[in-house]
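In: what follows is a predicted structure for the sequence shown.
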Amino acid sequence: MSPQPPALAVTGLTKTYDGVVALQPLDLEVGVGQSVALIGHNGSGKSTLLRMVAGLLEPTAGTIEVAGFEVGDIDARATTSFLPDDPVLYDDLSLREHVEYISRLHGGDGWDDYAQGLCDRLGLSPRVDDLPATFSRGLRQKTSIVLALVRPFSLLLVDEPFVGLDQPGKQVLLELLAEVQHDGAATVVATHDPAYVDRVPRSIALRDGEVVFDGTATVDQVLPLVGG
């Protein structure tokens, strides 16, 4: 029996914009079910890396594989869920309609007990028939969390998920990320939040598009490496 491929394998990955290097050549592997905190200040390359892995940004060079599939393949897209830092929502769909659309797009049943449970835990249940265009930044972020989790995936990419969340919302998200990992999915979360960084076994720190740390550390140990 051949070994199971890693959840994410990156080789020689680079990105430049008009000659400016956003990401230095990067080799990276994330094992199945592994949780990783991605740390670095604005412009360090975190969002660039996540967007390339999600298939939303074309690399300048290098390769990316998700569960053994090349990024861009339908199988890689089917197994990757991306929670961006800026929620992307439709102005004319209610929260419930968003959930039904995303779920069915990925072979689900639409609105189900799991979706309802997510909305209950995030305090969204009273607003499920409202348009997210009327929501605050925090409610839009919570809606985006629900949409990222109602579909199947083996790799979850998350970009600054705690921004805009109230304290109860942050606590629920920490619990949900732990549950995702417990269920066997790998997670790569770009964040500065100590409550998350100190919970995961692996942190990767980027500075000026280059990895300056990859291992186990507290946020207080890693931040000085990225200029914090």
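Out: Cool, the structure landed.
In: in the chain, what spans have low per-residue confidence?
Out: Residue ranges of the chain with pLDDT under 70: 1-2, 227-228.
In: where do the strands sit along it?
Out: Listed in chain order, the strands of the chain (DSSP state E) span 8-17, 20-30, 35-39, 61-66, 69-70, 80-83, 155-159, 186-190, 202-207, 210-215.
In: ok, and the closest non-adjacent residue to S203?
Out: A37 (4.6 Å; CB to CB, 6 or more residues apart in numbering). C-beta coordinates here come from the backbone N, C-alpha and C atoms, glycine included.
In: number of nearby residues for that neighbour?
Out: Neighbours of A37 under the rule other CB atoms under 10 Å: 26.
In: what sits against it?
Out: 189-191, 196-197, 200, 202-204 (CB atoms under 8 Å, 6 or more residues apart in numbering).
In: reformat the strands of the chain as CSV; add distance to V53.
Out: CSV is the format used below for the strands of the chain (distance: least, CB to CB, whole Å):
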stretch, distance to V53
strand 8-17, 6
strand 20-30, 9
strand 35-39, 10
strand 61-66, 6
strand 69-70, 12
strand 80-83, 7
strand 155-159, 6
strand 186-190, 7
strand 202-207, 13
strand 210-215, 15
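In: OK, contacts around E58?
Out: By CB under 8 Å, 6+ apart, E58 lies in contact with M52.
In: need phi/psi at it.
Out: Main-chain torsions, E58, degrees, to the nearest 10: phi -80, psi 130.
In: how far away is the nearest residue to R121 once chain neighbours are set aside from E179?
Out: Nearest non-adjacent residue to R121, counting by CB to CB, 6+ apart: V172, 5.1 Å away. Distance of V172 to E179, computed by CB to CB, to the nearest Å: 10 Å.
In: more neighbours, those two?
Out: A count of neighbours by other CB under 10 Å puts V172 above the other of V172 and E179, at 19 against 11.
In: longest helix anywhere in this structure?
Out: Longest helix in the chain, counting residues (DSSP state H): helix 167-182.
In: domain assignment for this protein?
Out: Domain segmentation of the chain under automatic domain parsing yields 1-79+153-218, 89-152.
In: could I get these in CSV, plus columns for distance to L225?
Out: Shown next, in CSV, are the domains of the chain (distance: least, CB to CB, whole Å):
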stretch, distance to L225
domain 1-79+153-218, 5
domain 89-152, 28
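In: the residue nearest to A195 when sequence neighbours are not counted: neighbour count?
Out: Distances taken as CB to CB, 6+ apart place L174 nearest to A195, at 6.2 Å, with adjacent residues excluded. By other CB under 10 Å, 16 other residues sit near L174.
In: could I get the contacting residues of L174?
Out: L174 touches 195-196, 199, counting by CB under 8 Å, 6+ apart.
In: write a ChimeraX command that selects only the buried members of these.
Out: Restricted to buried positions by 16 or more other CB atoms under 10 Å, the ChimeraX selection for the contacts of L174 reads:
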select :196
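In: quick one: which of the contacts of L174 is nearest to V21?
Out: Y196 (27.9 Å; CB to CB).
In: distance of the closest one from P161?
Out: Y196 sits 8 Å away from P161, taking CB to CB as the criterion.
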